[in-house]
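J.: Mind looking at a prediction? Sequence and model below.
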Amino acid sequence: MIVCERKPIPAILEHLDGRRRVVIAGCSECVTVCHAGGEKEVALLRDLLLLAREGLEIETQVLTRQCDVEFLEALDPLVKTADCVISMACGVGVQFLAERYPATWVVPAVDTRFGGGSRQAGIWEERCGFCGDCVLHLTGGVCPIIRCSKSLLNGPCGGSQGGKCEIDKETDCAWQLIHDRLEGLGRLDLLETVLPPKDWSRARDGGPRKLVREDVQV
């Protein structure tokens, strides 16, 4: 999932200078799971903004998803009379709202951090860098780009001690994890595979990425 965290209230208030009628748009997907932009967080942000600045008129709406245009229509009636829309979704949701409402000031209330998962309550860990060129089938399901502090595709580097990274003694050595996983599966032979440099053209270079599935298009 996409992991986000709410911006500080002063930073959000800066976006509201000269604006009175505000819509706060939440999302029922990733930001709800990581407690950044669901029903509870939308209500809390509304109350904090009303306490911090007099004269605001705030409406709220939590959409099923902000990253899917079919769910944005529910926001239309509120936006018609709004000076500003505050999105509590990830950066994708903010951009979808800005595209739908070109005449309305749309701003983010959260910072989009990374793609990851929940290790335990209140702790989320990055697991994927969205590189578009996955090698997990060769590394035992452990991503060397994200989980190795040096993003080594062919490791280890020699700085690992006791299974921990020299960069941070609290961080597991990704290549130790890869070795142990492959050993348990009886596939240590995969460590002999030399991984070529990543094809970063499939990641963040060359403009925004798009995935087209003709089999699910209407």
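T.: Looks like it came in fine.
J.: per-residue confidence at residue 166?
T.: For residue 166, the model assigns a pLDDT of 93.
J.: The nearest residue to it once chain neighbours are set aside and residue 35: what is the separation?
T.: Of all residues not flanking residue 166 in the chain, residue 159 sits nearest, at 3.5 Å (CB to CB, 6 or more residues apart in numbering). To be clear about C-beta, it is placed using only N, CA and C from the backbone, and glycine gets the same treatment. Residue 159 sits at a distance of 35 Å from residue 35 (criterion: CB to CB, to the nearest Å).
J.: same check, this time on residue 215
T.: Taking CB to CB, one finds residue 215 at 35 Å from residue 35.
J.: Kindly list the longest strand within the protein.
T.: Looking across the chain with DSSP state E, the single longest strand is strand 110-120.
J.: chain center to that one, what's the gap?
T.: 6 Å (CA atoms, centre = their mean, to the nearest Å).
J.: Return the set of buried residues in it.
T.: Across strand 110-120, burial judged by 16 or more other CB atoms under 10 Å covers 110, 112, 114, 115, 116.
J.: The one helix or strand residue 94 maps to to strand 110-120, inter-axis angle?
T.: Assessed by DSSP states H and E, residue 94 sits inside helix 91-100. Angle of helix 91-100 versus strand 110-120, following axes from the mean of the first three to the mean of the last three CA atoms, to 10 degrees, is 150 degrees.
J.: Convert the C-alpha atoms of whichever helix or strand comes after helix 91-100 to CSV, please.
T.: Downstream of helix 91-100, the first helix or strand assigned by DSSP H and E is strand 105-108. Taking Å, rounded to 0.1, in the frame of the first residue of the first chain, the C-alpha atoms of strand 105-108 are listed here in CSV:
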residue,chain,number,x,y,z
TRP,A,105,-7.3,25.4,-5.4
VAL,A,106,-6.4,21.7,-4.5
VAL,A,107,-3.7,21.1,-1.9
PRO,A,108,-2.3,18.1,-0.1
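J.: just checking, residue 45 touches residue 7?
T.: No: the criterion here is CB atoms under 8 Å, and residue 45 misses it with residue 7 at 9.8 Å.
J.: what touches both of these two?
T.: residue 109 (CB atoms under 8 Å, 6 or more residues apart in numbering).
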